[in-house]
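>>> Here is the input, now give the coordinates:
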Amino acid sequence: MDENSSLKAYNSIYLEIIMRYKEQIEDNEELYPADLPKLVTPSNDNVALLAKEIEGKFPVYNYDENFPEAAALAYAYVRDRIIPISLPVQFWLKPEQTIMYGAGDIFDKAVLLCSLLIAMGNVASRVVVAAKDTDRTFIVYSEFKDRLISMDLDNGIKDYGSLDDLLKELKVDKDDDTTAYEFNDKMYRDIA
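Now for the predicted structure:
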């Protein structure tokens, strides 16, 4: 049996085990909204090291001068170097695990990006999740000086004047059936 066949056999067995115990795994992985800030880990050694690597791209990193460009580099790293995966089971990865495996779903990638932005000095960076029916949108944003820098891992980086402007574009309205919330390592808040 060659190495590729062996790997396929292992993967098939692992998938069988996961599917057999899917309910138990998901029961133990359930997070309440108030627990989401625990997933954002800007002070983790691996996250801090990656943030320092990004800051090292500048002769002397100065938050007030370099944050927007550093945020774009962090965005590019997460978008290009973290392989998008979708597991058959609801399973949360912490940012350090997303870095270690070089893979994660869109939620894991957004949490990693938020953690990096906080580690680079923007302590108000947040993940916004907007959900309508089965559609979910994940945006990471940072308030910087007089602007709001929005990072959508599928659609790019865009500036907004305020969070209200961002929510309007996401079509988040308190009067319809869209739910939205935001969080970082310090807070969780329902938006709609």
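>>> Of all the helices and strands in this protein, which has the lowest average confidence?
Every helix and strand of the chain was ranked by mean pLDDT, DSSP states H and E. The lowest is helix 22-29, at a mean of 71.
>>> Closest to the centroid, which residue in the protein?
Ala110 (1.3 Å; Cα atoms, centre = their mean).
>>> State the distance from it to Leu7.
Note on Ala110: its distance to Leu7, by Cβ to Cβ, to the nearest Å, is 30 Å. C-beta: built from backbone N, CA, C; applies to glycine.
>>> ok, now Ala131?
Counting by Cβ to Cβ, the gap from Ala131 to Leu7 is 36 Å.
>>> Settle it for me: which of the two has more neighbours?
Between Ala131 and Leu7, counting by other Cβ atoms under 10 Å, Ala131 is the more crowded of the two (16 against 10).
>>> does that one count as helix, strand or coil?
Going by DSSP: H, G, I helix; E, B strand; the rest coil, the secondary structure assigned to Ala131 is strand.
>>> and Asp154, that one's in a helix?
No: counting by three-state DSSP, Asp154 falls outside a helix, being coil.
>>> which non-adjacent residue is nearest it?
Ile106 (7.6 Å; Cβ to Cβ, 6 or more residues apart in numbering).
>>> ok, now Glu143?
Ala124 (5.1 Å).
>>> Over to Tyr141?
Nearest non-adjacent residue to Tyr141 (Cβ to Cβ, 6+ apart): Ser150, at 4.7 Å.
>>> correct me, but the one you found touches Lys168?
No: using Cβ atoms under 8 Å, Ser150 is not in contact with Lys168, being 12.0 Å away.
>>> So for the longest strand seen in the chain, what gets flagged as buried?
The residue-count maximum for a strand in the chain (DSSP state E) belongs to strand 135-144. Within strand 135-144, the residues scored as buried using 16 or more other Cβ atoms under 10 Å are Thr137, Phe138, Ile139, Val140, Tyr141, Ser142, Glu143, Phe144.
>>> what ranges of this protein fall below the confidence cut-off?
1, 10, 25-26, 28-29, 174-175 (pLDDT under 70).
>>> Could you pull out the helices in it for me?
Assigned by DSSP state H, the chain shows helices spanning 3-20, 22-29, 45-55, 63-81, 95-101, 106-119, 163-169.
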